[in-house]
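Asker: The following block contains a protein sequence and its predicted model.
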Amino acid sequence: MKKNDEIELNISALNSEGAGIAKTDEGFVVFVPKTLPGDKVNARIIKKKSNYAEAMLLEMLSPSADREEPKCSYFGKCGGCKFQNYYYGKQLEFKRQLVIDSFERIGGFPSIEIPDVMPSDDIFFYRNKMEFSFSIYKWHDRVPFEIEENPFSLGLHVPGFFEKIIDVDDCKLQSGLSDNILNFTRNFFKEKKLSIYNTKTHSGYLRFLIIRQSKNTDDLMVNLITYDYDEPLMNEYASEMKNRFPEITTLVNSFSTKKAMVAVSESSKALYGSGSIIEKLNNGVRDISFRISPNSFFQTNTRQSEKLYKVMMEFAGFTIDDTVYDLYCGAGAISLFISDYVKSVTGVELVPDAIENANENAELNNIKNVKFVLNDIKDYLQSISGSIESGHNKLILDPPRSGLHPDICRMLSETNFEKILYISCNPVTQARDIKMICEKGNYSISGMKPVDMFPQTSHVENVCCLVKEKF
């Protein structure tokens, strides 16, 4: 086998990124994106390594029985919903297997028991937040294509082409109202021939459109991120939006002069409304309210978040005598969610805006038994080294996808918490970290439960409970 060879393959599985896996008669592994288990395909080898090859799908010879017709017309171009053509039950099986493989191969936990993935009630229109990018680099399906005099696009990224944007006008992830706001905003600014921020020249006005739509309240925020403030233009935009979309409770113009194309602003101005929205989560005792500002982090699947946190609470078995650490606490969602069930919670987070939001949310709900600390997690644990528990008997970890610093894992491996609850959106780094935490024999896995937070994608959230071994 060599590059550019055409080969017939039977797809038998998927890798962690959702690409199809096939094996030749000799047992050589070939990865084929855009294929599913059960597909029989003709593919061309585009990269050959010593132990695997990557191939491009040329022809579908026989489709899998588990294929479904995608609901979205942008499927296969936009990178948002790679599994939209895969029967939902099979998506859940894949995600469970991803957790199993991570803990067996990377974590070194043989024959680990993983229950079925908790499904999402909503498999479309489940997101409470969507980020759309402005770009002069518009994606065209056909080559050659007609060159536009003033190229203008507002939509979602094309996989593998960071600057290329698809002019999406009908997305199945948020709502029809979100689509209407997106389309009006595109037309409004396109007609005015306004400049778009260019990452090469570091100049231009328009950057991002972010729509946040609460699921358990009627609040809706539209946040337009621009390079600077144009008062007459924003007044006109605000007037049009208010008239056309009375459902919008606050319209924000945020500003970013950063070179990086990240939808986080340095400051913002509320054009109307409070500049924030309220979302609620029910913890089994009451509704906990969260004020979400333009830069706030909040789980993007509200209804599944409630399920996720309740799974964690079931594993934790909280009692009113428990004192809990919530590391990587963000805006305090978990800390406040569990506050009615424990004696106290200490949340620790590095991001100043998140800590500010967390304190605001504690005050909003009149919660007195939670405090928040602004600090790097590793530095915080080192500062209390020798007594990391400091009277706390249970620990919650909810780190970013990259997982924990090895030093944090080593410190935790020597602690004496009754339980450590580790929530992760990346089973690979989670398994790696838990292997290190358990390596001294102080902790063992007592239970796990995957939760599907992102239907139609290859991502899965996993809750793992570690218990202190008794000697």
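Answerer: Here it is on my side, so go on. Numbering: from 1, shown residues only.

Asker: going forward, measure contacts and count neighbours with C-alpha atoms only.
Answerer: Fine.

Asker: surely residue 71 meets residue 84?
Answerer: Yes: using Cα atoms under 8 Å, residue 71 is in contact with residue 84, at 7.3 Å.

Asker: So for the two, which residue has more residues nearby?
Answerer: Between residue 71 and residue 84, counted using other Cα atoms under 10 Å, residue 84 has the larger neighbour count: 22 against 12.

Asker: Can you list the buried residues in the least confident helix or strand in the chain by mean pLDDT?
Answerer: None of the helices or strands of the chain scores lower by mean pLDDT, DSSP states H and E than strand 161-166, at a mean of 82. Residues of strand 161-166 classed as buried under the neighbour-count rule (16 or more other Cα atoms under 10 Å) are 163, 164, 165, 166.

Asker: Please state the offset of that strand from the chain centre?
Answerer: 19 Å (Cα atoms, centre = their mean, to the nearest Å).

Asker: who's in contact with whatever helix or strand comes next after it?
Answerer: Using DSSP states H and E, the helix or strand that follows strand 161-166 in sequence is helix 176-191. When contacts are taken as Cα atoms under 8 Å, 6 or more residues apart in numbering, the neighbours of helix 176-191 outside the stretch itself are 152, 153, 154, 169, 170, 171, 209, 211, 237, 245.

Asker: can you tell me which of these lies nearest to residue 298?
Answerer: residue 211 (13.1 Å; Cα to Cα).

Asker: Report the inter-axis angle for the one helix or strand that closest one maps to versus helix 176-191.
Answerer: Take DSSP H and E as the rule and residue 211 turns out to sit in strand 206-213. Strand 206-213 and helix 176-191 are oriented at 160 degrees to each other (axes from the mean of the first three to the mean of the last three Cα atoms, to 10 degrees).

Asker: same for strand 206-213, what does it pack against?
Answerer: Strand 206-213 is packed against strand 129-135, strand 220-226, with contacts defined by 3 or more Cα pairs under 8 Å, 6 or more residues apart in numbering; DSSP states H and E.

Asker: which intervals of the protein have sub-threshold pLDDT?
Answerer: 141-150, 385-389, 471 (pLDDT under 70).

Asker: in it, which spans are helices?
Answerer: 88-101, 176-191, 231-244, 302-316, 333-337, 352-364, 377-383, 406-412, 427-438 (DSSP state H).

Asker: send the alpha carbons of the first one over as PDB?
Answerer: Okay, so that is helix 88-101. Once non-C-alpha atoms are left out, helix 88-101 reads as follows in PDB (Å, rounded to 0.1, in the frame of the first residue of the first chain):
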ATOM      1  CA  TYR A  88     -28.700   8.300  17.900                       C
ATOM      2  CA  GLY A  89     -28.600   4.900  19.800                       C
ATOM      3  CA  LYS A  90     -25.400   4.100  18.000                       C
ATOM      4  CA  GLN A  91     -23.900   7.500  18.900                       C
ATOM      5  CA  LEU A  92     -24.400   6.600  22.500                       C
ATOM      6  CA  GLU A  93     -22.800   3.200  22.000                       C
ATOM      7  CA  PHE A  94     -19.800   4.800  20.400                       C
ATOM      8  CA  LYS A  95     -19.500   7.300  23.300                       C
ATOM      9  CA  ARG A  96     -19.600   4.500  25.900                       C
ATOM     10  CA  GLN A  97     -16.900   2.600  24.000                       C
ATOM     11  CA  LEU A  98     -14.800   5.700  23.900                       C
ATOM     12  CA  VAL A  99     -14.900   5.900  27.700                       C
ATOM     13  CA  ILE A 100     -14.100   2.200  28.000                       C
ATOM     14  CA  ASP A 101     -11.100   2.400  25.600                       C
END
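
Asker: What angle do helix 427-438 and it make with each other?
Answerer: Orientation note: helix 88-101 sits at an angle of 30 degrees relative to helix 427-438 (the same axes, to 10 degrees).

Asker: before we move on, back to that, which one, of the helices and strands packed on strand 206-213, ends up nearest to residue 443?
Answerer: Shortest separation from residue 443 across those is recorded for strand 129-135, at 37.0 Å, computed as Cα to Cα.

Asker: what pairs with the closest one, and is each one parallel or antiparallel?
Answerer: strand 153-158 (antiparallel), strand 206-213 (antiparallel) (DSSP bridges).

Asker: how about those strands, which one is nearest residue 44?
Answerer: Each of the strands paired with strand 129-135 was scored for nearness to residue 44 using Cα to Cα, and the closest is strand 153-158 (21.8 Å).

Asker: domain ranges for this protein?
Answerer: Domain assignment of the chain by automatic domain parsing yields the ranges 6-62, 101-121+301-468, 129-279.

Asker: what's the most buried one of the ones you listed?
Answerer: Burial of those is given as mean neighbour count (mean count of other Cα atoms under 10 Å); domain 101-121+301-468 ranks first at a mean of 19.

Asker: Now do the end-to-end distance for that domain.
Answerer: The stretch domain 101-121+301-468 measures 24 Å between its terminal residues, going by Cα to Cα, to the nearest Å.

Asker: For residue 402, see how far away residue 103 is.
Answerer: Noted for residue 103: a distance of 16 Å to residue 402, by Cα to Cα.

Asker: same thing with residue 138?
Answerer: When Cα to Cα is the yardstick, residue 138 and residue 402 sit 31 Å from each other.

Asker: Same question for residue 235.
Answerer: Counting by Cα to Cα, the gap from residue 235 to residue 402 is 41 Å.

Asker: Check residue 353 too.
Answerer: Here the criterion is Cα to Cα. By it, residue 353 lies 21 Å from residue 402.

Asker: Would you tell me which strand is longest in this structure?
Answerer: Using DSSP state E to assign secondary structure, the strand with the most residues in the chain is strand 52-62.

Asker: Which residues does that one contact?
Answerer: Contact with strand 52-62 is made by 28-35, 39-48, as judged by Cα under 8 Å, 6+ apart.

Asker: circling back: can I get the contacts of helix 176-191 in a markdown table with distance to residue 251?
Answerer: A markdown table is the format used below for the contacts of helix 176-191 (distance: Cα to Cα, whole Å):
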| residue | distance to residue 251 |
| --- | --- |
| 152 | 23 |
| 153 | 21 |
| 154 | 18 |
| 169 | 20 |
| 170 | 21 |
| 171 | 21 |
| 209 | 11 |
| 211 | 10 |
| 237 | 10 |
| 245 | 11 |
